[in-house]
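Engineer: no sequence on this one, just coordinates:
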């Protein structure tokens, strides 16, 4: 069975923990993975929120090329 509520809870827990411990790279990755999850489950607005946070955190970490690669998903999800 698919347990989307549990997945959502665990994505948010990973984001919160990485933020608390100031692991910017892990926070970026957790947000990105949550964004992909929401895209796959048809929740575009939530996906945009998480992918935008991932974009911001990758830039904060200095991974500009990785951040820019998310623009493809942000452009697609906004259509």
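Structural biologist: Sure, I can see it. Since this is a predicted model, take the numbers as computed values, not measurements. Numbering: from 1, shown residues only.

Engineer: pull the contacting residues for the nearest residue to residue 51 once chain neighbours are set aside.
Structural biologist: In space, and not counting its chain neighbours, residue 51 is closest to residue 35: 3.6 Å by C-beta to C-beta, 6 or more residues apart in numbering. Using the backbone N, CA and C atoms, a C-beta is placed for each residue, glycine as well. Residues near residue 35 by C-beta atoms under 8 Å, 6 or more residues apart in numbering: 47-51, 54, 70, 73.

Engineer: before we move on, what SS does residue 35 have?
Structural biologist: Classification of residue 35 by DSSP: H, G, I helix; E, B strand; the rest coil places it in helix.

Engineer: so for residue 1, what pLDDT did the model give?
Structural biologist: The model reports residue 1 with a pLDDT of 59.

Engineer: revised request: answer the last question for residue 78.
Structural biologist: Per the predicted model, pLDDT is 52 at residue 78.

Engineer: start the count at 23, not 1, going forward
Structural biologist: Happy to do that; since the first residue is 23 now, the last one works out to residue 100.

Engineer: what distance do you get for residue 61 to residue 70?
Structural biologist: Here residue 61 is placed at a distance of 9 Å from residue 70 (C-beta to C-beta, to the nearest Å).

Engineer: contacts for the helix or strand of the chain with the lowest mean pLDDT?
Structural biologist: Within the chain, no helix or strand scores below helix 93-99, which has a mean of 77 by mean pLDDT, DSSP states H and E. Defining contact as C-beta under 8 Å, 6+ apart, one finds that helix 93-99 is touched by 57-58, 61, 66, 69-70, 73-74, 77.

Engineer: give me the buried entries from those.
Structural biologist: Among those, those classed as buried by neighbour count (16 or more other C-beta atoms under 10 Å) are 57-58, 61, 69-70, 73, 77.

Engineer: still on that earlier bit, any chance of the contacts of residue 57 in CSV, plus secondary structure and distance to residue 25?
Structural biologist: Listed next are the contacts of residue 57 as CSV, based on DSSP: H, G, I helix; E, B strand; the rest coil; distance: C-beta to C-beta, whole Å:
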residue, secondary structure, distance to residue 25
69, helix, 19
70, helix, 23
71, helix, 21
72, helix, 19
73, helix, 22
76, helix, 23
92, coil, 26
95, helix, 24
